[in-house]
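**Student:** Sequence plus predicted model, see below.
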Amino acid sequence: MYEKIKALLVDELQIDADDITPESKLSSDLGINSIELADLIMLCEDKFGIEIRDEDIHKFVTVGDVVKYLKGL
């Protein structure tokens, strides 16, 4: 799952693959703003056929948080 999320970040949000680790903070480390976070959420929903509740988005601080959340669905 981590590799799939990393690929989304690289391919869709043009983030350098070398900058992405499970511990990378989406905002401060990777520079993802609120619009890009919304894009990432929509990409995950489309790619994995899931729905991420709006109230869960605040849980996504690091790349690992996104992976953990998606694994738990």
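**Tutor:** That came through fine.

**Student:** Show me which residues of the strand or helix carrying residue 5 are buried.
**Tutor:** Using DSSP states H and E, residue 5 falls within helix 2-13. When neighbours are counted by 16 or more other C-beta atoms under 10 Å, the buried residues of helix 2-13 are found to be 2, 5, 6, 8, 9, 13. Heads up, the C-betas are built off the backbone N, CA and C, glycines and all.

**Student:** avg pLDDT for that helix?
**Tutor:** For helix 2-13, mean pLDDT rounds to 96.

**Student:** other SSEs contacting whichever helix or strand comes after that helix?
**Tutor:** Remark: after helix 2-13, the chain's next helix or strand is helix 34-48, criterion DSSP H and E. Applying 3 or more C-beta pairs under 8 Å, 6 or more residues apart in numbering; DSSP states H and E, we find helix 34-48 packed against helix 2-13, helix 63-71.
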